[in-house]
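Chemist: Give me a model of this one.
(2 chains)
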2 protein chains.
Amino acid sequence: METVLYDDKEHKFILIGFADSKDETSIPSNQYLITNNGVSALIDPGGFGLFPVLVSRVLKYTSIENIKAIILSHQDPDVSGGLNIWEEITKANIYISKLWTRFIPHYEMKAGANIIPVEDDGSVIKLSDTFNLQIIPAHFLHSPGHINVYDPVSRVLCTGDIGASILPCSQNHLFVEDFDAFLPCIGGFHQRYMSSNKALRQWIKEIEPLDIQMLAPQHGYLYKGAAIERFIKWLYELKCGVDLL
Amino acid sequence: METVLYDDKEHKFILIGFADSKDETSIPSNQYLITNNGVSALIDPGGFGLFPVLVSRVLKYTSIENIKAIILSHQDPDVSGGLNIWEEITKANIYISKLWTRFIPHYEMKAGANIIPVEDDGSVIKLSDTFNLQIIPAHFLHSPGHINVYDPVSRVLCTGDIGASILPCSQNHLFVEDFDAFLPCIGGFHQRYMSSNKALRQWIKEIEPLDIQMLAPQHGYLYKGAAIERFIKWLYELKCGVDLL
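Modeler: As a prediction, the model looks like this:
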C-alpha cells in the first residue's frame, strides 16, 4: 500500500512501493512518486516484477503522460530493471549519472534517446515553474555514479542505497523509531557495500546545506527527526569498504 | 564473430562476443565461453539483446544442456541483463558474489533457485574432474562484489571491468598492441569507476600467484605478453575513485 508522506494540495511526496516484493529471493525495495500541480517524477521504479502493482498506485495520483521524469539513483536491477516498460508507456526523461547512460540501454530499452546524463557535481531538474528537484552527488555509495534526489518542497532526501536496511529487522515500522535497535539492520550492509569513510564524509558535506525533514532510502525504513542526526553521526565515523580491505 | 583464444582439443577458451552491440547508445561488451571435454561455462553473457547472436555461436561449441555454469563478474545490466533467458533455457548454476544474489532476481528471473553465492575470499568452481575455475576477489573494482574468473588450463584471467576499454579507440585490434597509444582508452574509465588505489593493489596481490597468459576484460581489447605487465604496473600507481574526491 502506498503512503503519502507530504501533502500540501499542490505538492505530494508519496512512498509508492514499500517492500512489496513477494519473492523472498529478491531484496525488497522502495519506490517514490513526487507530484506538483499535475506534473510528476518517479524515483527508482525498480524491477519489472513491480510494474503492475506500481502502475495501479501511480494512476491514483497522476496520469502516465504527466510523468515527466524518471530519476535513477544508480544502475542496479532492483532500481532500474523495469525501465524498458516505463520507457514504453511514458514520455519521461530518464535521469541517471553520466557514468551509466551507456549501461542502462542493456535493460532492453527501445530508444534510449531520452536518457539525460547527470554530471558529477549534480544538477537541478526543472520540471515546471513550481517544481524543481535537486540532484546531489553520492559517489561510491555504493555505485561510482550514485545520486540522491532532494525535493525542496517536502524537504525529503531520497538517498538510494544510503541508509538502506534489510527487512524484516528490528521492531521499527515505516520509520526508524529506536535507532540503537535498528543498527544491526544497517551495520553489515553499509560496512560491506559503501566504498570508504572518505566517500561518506564527502556525501555528508554535500547534504549539510539542505533542510532535511526525511531521509527516504531505496530499501527499508525511512528516517525523520532524531534518527536522521543519529544516522549521519554514525556514518561519519563508519569505516567501510576499502578502509577494511 | 567469435575467436578461439586457446584450444588443446580437450579444452577451449573462446571470445564468443566482442563488441557486438549494433546500438551506439549501449556500451559494447565481451562475452566468453570455456569448454572442457563437453562441459561448458559462460562468463558475463550480457544483455538480452545479445542473446540471439550469442546462442548461435555457443551452439557451435557446446550444447545448451552442457552449459553447467554461468559466472557473473558483477550485477550490472551489460553483464547480467539477459540472465532470465539463459536461466530459462539452461540448467546452469549461476555464480555471483554473495553481495548480489538477492539483487539479480530483479532481472525478472523465474526461480533463482540455482544462484550460487561466491564468498568474499573467492572459491574454486569444480565443474568436472578435469575442469575447475578459480574465482578471484576483485572487490570495489568497480562493484563492491566484483569477481574475476581464472582458467588454469588456458591461463586466461577474465577481469570483468578491470582493463576495460571503450571502443573504438587507438590503433589496436583484438589485443592491446601499443600500450602507450592505448592509455587514453583506459585512463578516464579506471580513474572514475575504480574505487581506490588500495583496492587496485589488493587485487594485484590476489593475482600475483597466478600464471597469466592473457587478461580478458568485459569491454574492449584483451592483453597478452608485455601489455599485461605494463597494465599492472600502471594500475599499481593509479590514483582513482575516492583517492580523487
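
Chemist: Mind telling me which residue is nearest the centre of chain A?
Modeler: When chain A is reduced to its mean C-alpha position, the closest residue under C-alpha atoms, centre = their mean turns out to be residue A:160, at 3.7 Å.

Chemist: Can you dump the C-alpha atoms of the longest helix along chain A in PDB for me?
Modeler: What stands out as the longest helix in chain A, according to DSSP state H, is helix A:179-193. Extracted as PDB, the C-alpha positions of helix A:179-193 are listed here (Å, rounded to 0.1, in the frame of the first residue of the first chain):
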ATOM      1  CA  PHE A 179      18.000   3.800  16.300                       C
ATOM      2  CA  ASP A 180      20.000   1.600  18.700                       C
ATOM      3  CA  ALA A 181      17.800  -1.500  18.000                       C
ATOM      4  CA  PHE A 182      18.000  -0.600  14.300                       C
ATOM      5  CA  LEU A 183      21.800  -0.500  14.000                       C
ATOM      6  CA  PRO A 184      22.200  -4.300  13.300                       C
ATOM      7  CA  CYS A 185      19.800  -3.800  10.300                       C
ATOM      8  CA  ILE A 186      22.200  -1.300   8.600                       C
ATOM      9  CA  GLY A 187      25.700  -2.200  10.000                       C
ATOM     10  CA  GLY A 188      26.700  -5.100   7.800                       C
ATOM     11  CA  PHE A 189      25.300  -3.600   4.600                       C
ATOM     12  CA  HIS A 190      27.000  -0.200   5.000                       C
ATOM     13  CA  GLN A 191      30.300  -1.700   6.000                       C
ATOM     14  CA  ARG A 192      30.500  -4.000   3.000                       C
ATOM     15  CA  TYR A 193      28.800  -2.100   0.200                       C
END
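
Chemist: mind listing the helices for chain A?
Modeler: A:51-58, A:77-80, A:83-89, A:179-193, A:197-207, A:226-237.

Chemist: Give me the pLDDT for the closest residue to residue A:43 other than its chain neighbours.
Modeler: Across the structure, with C-beta to C-beta, 6 or more residues apart in numbering or on different chains as the measure, the residue nearest residue A:43 apart from its sequence neighbours is residue A:32 (4.1 Å). Every residue, glycine included, has its C-beta placed from N, CA and C. Looking at residue A:32, its pLDDT stands at 98.

Chemist: Show the contacting residues for residue A:32.
Modeler: If a contact means C-beta atoms under 8 Å, 6 or more residues apart in numbering or on different chains, then residue A:32 has A:13, A:14, A:15, A:16, A:42, A:43, A:44, A:158, A:216 as its contacts.

Chemist: at 7 Å instead, please
Modeler: When contacts are counted by C-beta atoms under 7 Å, 6 or more residues apart in numbering or on different chains, residue A:32 touches A:14, A:15, A:16, A:43, A:44, A:158, A:216.

Chemist: For chain B, see how far away it is.
Modeler: From residue A:32 over to chain B the distance is 17 Å, taken as C-beta to the nearest C-beta, to the nearest Å.

Chemist: returning to what we had before: how about the residue nearest to the centre of chain A: which residues does it bridge to?
Modeler: Here residue A:160 sits in beta bridges with residue A:217, as judged by DSSP bridges.

Chemist: I'd guessed it sits against residue A:145; true?
Modeler: No. With contact taken as C-beta atoms under 7 Å, residue A:160 and residue A:145 are classed as non-touching, separated by 10.9 Å.

Chemist: quick one, strands of chain A?
Modeler: When assigned using DSSP state E, the strands of chain A occupy the ranges A:3-7, A:11-18, A:30-36, A:39-43, A:67-71, A:93-97, A:115-118, A:123-128, A:131-137, A:147-151, A:156-160, A:214-217, A:223-224.
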